[in-house]
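Enquirer: below is the structure, and that's it, no one-letter string:
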């Protein structure tokens, strides 16, 4: 799988794929523009990471897939793990997964773009920071009543949310301070061997 050298954006893919025996990771140095080289663009014309190449895809044919959430769902479906079988539980998982991938991840991206710019605009950064904090507060309340994002079962929604939380914890810790339920949940996930392997490089 092709992925960015900054490991924090790859937690959820690596955490999932760390259980796959025949995997190979190919770091892409975006600072050098490797994601814009012809070979990479042939796999993903958008020139973005991550990209998954499964040489044993459906029907035994190779499959190339981009978009982190699509990769997450594909790997879970192929392995039969981290996807609830009960329809109601699966719907709850999809709702949680979308919260992580379409609410938190883009807002973190916007916040990082502002604070890392040459001339950061304070009010805009504060707005994005407040929204990220708001999302995490909702999740803290939710996890006060449940062990995992979609209930009592660990799912890919947890892996996706953990990636966003880990990024925020490292770069903008003020967005997730004083949230004990979220911290308890993150500590449990962070203690899992697969997650540790995924984040130890």
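Expert: Everything's here; your move. These numbers were taken from a predicted model, which means no experiment stands behind them.
Enquirer: going forward, measure contacts between C-alpha atoms and count neighbours the same way
Expert: Noted.
Enquirer: and residue 152, how far from residue 143?
Expert: Using Cα to Cα, to the nearest Å, residue 152 is found at 10 Å from residue 143.
Enquirer: which of these two has more residues huddled nearby?
Expert: Higher neighbour count among residue 152 and residue 143: residue 143, with 21 against 11, using other Cα atoms under 10 Å.
Enquirer: list the contacts of the more buried one.
Expert: For residue 143, the contacting residues are 149, 181, 182, 185, by Cα atoms under 8 Å, 6 or more residues apart in numbering.
Enquirer: next step: these restricted to helices.
Expert: Of the positions in the contacts of residue 143, 181, 182, 185 sit in helices, assigned by DSSP state H.
Enquirer: neighbour-wise, give me the winner out of these.
Expert: Neighbour-wise, the ones in helices among the contacts of residue 143 (other Cα under 10 Å) top out at residue 182, 26 neighbours.
Enquirer: my read: it touches residue 139, true?
Expert: Yes. If you go by Cα atoms under 8 Å, residue 182 and residue 139 touch, sitting 6.7 Å apart.
Enquirer: so after the least confident helix or strand in the chain by mean pLDDT, what's the next helix or strand?
Expert: Least confident helix or strand of the chain, by mean pLDDT, DSSP states H and E, is helix 11-17 with a mean of 43. Later in the chain than helix 11-17, the nearest helix or strand by DSSP states H and E is strand 26-28.
Enquirer: packing partners for that next one?
Expert: strand 2-4 (3 or more Cα pairs under 8 Å, 6 or more residues apart in numbering; DSSP states H and E).
Enquirer: buried stuff in the lengthiest helix in the chain?
Expert: Longest helix in the chain, counting residues (DSSP H): helix 122-143. Buried residues in helix 122-143, counted by 16 or more other Cα atoms under 10 Å: 125, 128-133, 135-137, 139-140, 142-143.
Enquirer: just give me how far it sits from the chain centre.
Expert: 17 Å (Cα atoms, centre = their mean, to the nearest Å).
Enquirer: which residue packs closest to residue 76, ignoring adjacent ones?
Expert: If the residues on either side of it in the chain are set aside, residue 76 comes closest to residue 82, at 6.0 Å by Cα to Cα, 6 or more residues apart in numbering.
Enquirer: just say helix, strand or coil for that neighbour.
Expert: coil (DSSP: H, G, I helix; E, B strand; the rest coil).
Enquirer: for it, give me its contacts.
Expert: Residues near residue 82 by Cα under 8 Å, 6+ apart: 76, 153, 154, 155, 156.
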